[in-house]
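A.B. asks: Take this sequence and fold it.
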Amino acid sequence: MRNAALDVIRDEHQALAAMLRSLKLLLAQARRENTLPDFAVLRAMLLYVDEFPERLHHTKESELLFPRLLSRAPELATTLARLDNDHARGEAAIRDVEHALLAFEVMGEPRRAAFEQAVDRYVAAYLEHMAVEESEILPAAQRLLTAQDWMELDAAFAANRDPLTGHEPADEYRELFHTIVHDAPTPIGLGGGAGASAGRARR
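C.D. replies: Numbering: from 1, shown residues only. Have a look, this model is predicted:
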């Protein structure tokens, strides 16, 4: 039996993983070409992570999915607590990356390495977090949750409508996703990104 909420969670994981990998590719390309990255694209990508996975996806996992699963699988308490803690500090974590980006943009080359390291830490932690959910939490939820649980979870997650999973963006996000899709590198965009800044001199 397929559960719509699980499909949404997995689709959002795939979209986020692609976004994070594209972010690292953009930075690697800029360093390889000895240019500054496209800061507008970087800001758009980080804003997406802040607005969608951090605020919508994580909130519904922590408030709706995890408590139901904990009540039926107390042996997962330690894992669920760790994932919940990741969610709780997610806003602070993305703020740290955004601050490092601002410092790089304003202060130039001396702050490049610090930003790249902040991105590396954030991406590694996020990919590990999603891997644990995919390998331990979602299979357990599929085994243990009831039809009533899934009815409520399906309705809640269906409301997310992340544009990177195929939904039309709301008007307020239209320009944001236009920037990401047209200027970010693959796999999330059309291969622009750092190449657009190739003519800029390094600070």
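A.B. asks: ranges for the helices of this structure?
C.D. replies: All helices of the chain, identified by DSSP state H, fall at 4-32, 39-49, 58-60, 66-72, 77-88, 90-107, 112-132, 138-144, 147-158, 174-183.
A.B. asks: for the ones you listed, which one sits closest to residue 165?
C.D. replies: The closest of the helices of the chain to residue 165 is helix 4-32. By C-beta to C-beta, the value is 4.3 Å. C-beta here means a position set from N, CA and C on the backbone, and glycine is covered the same way.
A.B. asks: Determine the angle, from 0 to 180 degrees, between the least confident helix or strand in the chain by mean pLDDT and helix 39-49.
C.D. replies: Least confident helix or strand of the chain, by mean pLDDT, DSSP states H and E, is helix 174-183 with a mean of 87. Angle, helix 174-183 to helix 39-49, by axes from the mean of the first three to the mean of the last three C-alpha atoms, to 10 degrees: 120 degrees.
A.B. asks: Summarise which helices and strands helix 174-183 is packed against.
C.D. replies: helix 39-49 (3 or more C-beta pairs under 8 Å, 6 or more residues apart in numbering; DSSP states H and E).
A.B. asks: For the helix it packs on, list every residue counted as buried.
C.D. replies: Neighbour-count burial for helix 39-49 flags 41-49 (criterion: 16 or more other C-beta atoms under 10 Å).
A.B. asks: And for stretch 140-158?
C.D. replies: Within stretch 140-158, the residues that qualify as buried are 140-141, 145, 149-150, 153, 156-157, counting by 16+ other C-beta under 10 Å.
A.B. asks: which one of those is nearest residue 12?
C.D. replies: Closest to residue 12, out of all of these and judged by C-beta to C-beta, is residue 157, at 8.5 Å.
A.B. asks: The closest one reaches residue 5, doesn't it?
C.D. replies: Yes - counting by C-beta atoms under 8 Å, residue 157 touches residue 5, with 4.2 Å between them.
A.B. asks: Not including adjacent chain positions, what is the nearest residue to residue 49?
C.D. replies: residue 94 (5.9 Å; C-beta to C-beta, 6 or more residues apart in numbering).
A.B. asks: Distance check, the one you found against residue 38.
C.D. replies: Separation of residue 94 from residue 38 (C-beta to C-beta, to the nearest Å): 19 Å.
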